[in-house]
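# Need a 3D model of the following:
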Amino acid sequence: MKAVILAAGQGVRMAPLTNTRPKVMLQVAGRPILHHLLLELKKAGIRDAVIVVRYMKEKIIEYFKNIDLGMHLSFVEQSAQNGTATAILAAESKVDDSFVVVAGDILTESETIKSVINSHKQGITLALKQVENPHGYGTAQLASNGKIKAFEEKSPKPKSNLANLSIYCMDSSIFDQIKKIKPSARNEYEITDLLVGANAVITDGFWMDVSYPWHLFAANEHLLTHMEAQADAIENSTINGKIIMEKGAKVFDSFIEGTSYISEGSEIGPNACLRGFNSIGKRCEIGDSTTIKNSILFDNVKAKHLSYIGDSVIGDNVNFGAGTQIANFRFDESNVNVLTERGWVNSGRKKLGCIIGDNVKFGVLSCVMPGKLIGENCWIGSGAVVGQNVDPNTHVYIKQELIFAKEKKEI
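Numbers count the residues shown, from 1 in each chain. This is a model prediction of the structure:
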């Protein structure tokens, strides 16, 4: 059985990280989300996957071209029309008989995927799970025979708490049905239009929909918790917890508490401190008296001197000048709110630092307040205290008046 993976979207709510990469390529536990998903599909018995791409497709194709997962991967491009149904239709020439469909921006485990495959007989079979906040998901109501009798998409007052996990098994006959779908109110072609009458599998297995950047922390923690320790080059350091190191990574003269993933080519030390659940990308340099706490760093991040980075997600090629501080806690101890493109959002987190896009440079002794978004290609000048979001391609400086007064000598 083949899998069709929907990976064409941008993920606007994940900005600024998705301004420069597709959502499925966001890193967590040392690898892109899509990489983790493919590994679970392989464990479920899938050896052939068709990946539907569009937004920044070259980022996905180039990454997987250089990695051997023991699977055959092929790529098709979604048309200009939007929607999950159109994405699935793009793979029509690549599949026959029954096939698995999975959203490329979710995290799940092989047992959940296998439960859908094993339950499938004909038509559409999909996974559902009870969730605490169903208004944020597509939800299904079930008939007495276990089939779906009604479906709602992110209703403010949902009639069910059974969320659609975007894990399906379908027959090839579905393509003829997709071609008859009419565009929705938001001008998208939705596969949910075909779900009434579908077979449902209710699961309690792990599944996570990553909607906002701060959701990456829970995903990172879950994945790191289930990874095996792997130590490589560690010199004169204290490890109180678990460390997962790729070949070519190095830790020296440092302290690590909790669980950290350190990718190839990265150096931790001297006198660095890693606490909590951390994911350190490739070729990062974390140095003298710098603390990284419960954060996700993508590739080529430099924080060599006296910096604090807490509860933050940092894009590629970010440089922290000496003494840069990322604040992550409010004085009133309330949840940190974030101003997104859809307005203010309660992160649900007492501690949240900042979300930083690619190619950002921080001057010495600069600081960012909790919950701020800094776009790609920004410069934050020395001594600046950033208390609001910063749009991409912006330089932030402070005006400072220096007064030099000579002391008057008494005669």
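# Send me stretch 171-189 as PDB with only the CA atoms.
The C-alpha coordinates for stretch 171-189 follow below in PDB (Å, rounded to 0.1, in the frame of the first residue of the first chain):
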ATOM      1  CA  ASP A 171     -10.000   3.400  -2.500                       C
ATOM      2  CA  SER A 172      -8.900   4.700  -5.900                       C
ATOM      3  CA  SER A 173     -12.600   5.300  -6.700                       C
ATOM      4  CA  ILE A 174     -12.300   8.400  -4.500                       C
ATOM      5  CA  PHE A 175     -10.800  10.400  -7.400                       C
ATOM      6  CA  ASP A 176     -14.000  10.300  -9.400                       C
ATOM      7  CA  GLN A 177     -15.900  11.600  -6.300                       C
ATOM      8  CA  ILE A 178     -13.300  14.400  -5.800                       C
ATOM      9  CA  LYS A 179     -13.800  15.700  -9.300                       C
ATOM     10  CA  LYS A 180     -17.400  16.400  -8.400                       C
ATOM     11  CA  ILE A 181     -16.700  18.400  -5.300                       C
ATOM     12  CA  LYS A 182     -17.700  22.100  -5.400                       C
ATOM     13  CA  PRO A 183     -15.600  24.800  -3.800                       C
ATOM     14  CA  SER A 184     -16.300  25.700  -0.200                       C
ATOM     15  CA  ALA A 185     -17.100  29.100   1.200                       C
ATOM     16  CA  ARG A 186     -13.400  29.800   1.500                       C
ATOM     17  CA  ASN A 187     -13.000  28.700  -2.200                       C
ATOM     18  CA  GLU A 188     -11.200  25.500  -1.300                       C
ATOM     19  CA  TYR A 189     -12.000  21.900  -2.400                       C
END
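# Please name the nearest non-neighbouring residue to Gly321.
Spatially, and ignoring its direct neighbours in sequence, Gly321 is nearest to Val364 (4.2 Å; Cβ to Cβ, 6 or more residues apart in numbering). Just so you know, the C-beta spots here come from the backbone N, C-alpha and C atoms, and that holds for glycine as well.
# burial of the one you found, as a residue count?
15 (other Cβ atoms under 10 Å).
# For the residue nearest to Tyr212 when sequence neighbours are not counted, give its distance to Asn187.
Nearest-residue entry for Tyr212: Arg13, 5.6 Å, with adjacent residues in sequence omitted and distances by Cβ to Cβ, 6+ apart. Distance, Arg13 to Asn187, using Cβ to Cβ, to the nearest Å: 19 Å.
# who's more crowded, these two?
Shown here are Arg13 and Asn187; by other Cβ under 10 Å, Arg13 has more neighbours (16 against 9).
# in the stretch 151-300 of the chain, what spans have low per-residue confidence?
For the stretch 151-300 of the chain, no stretch has pLDDT under 70.
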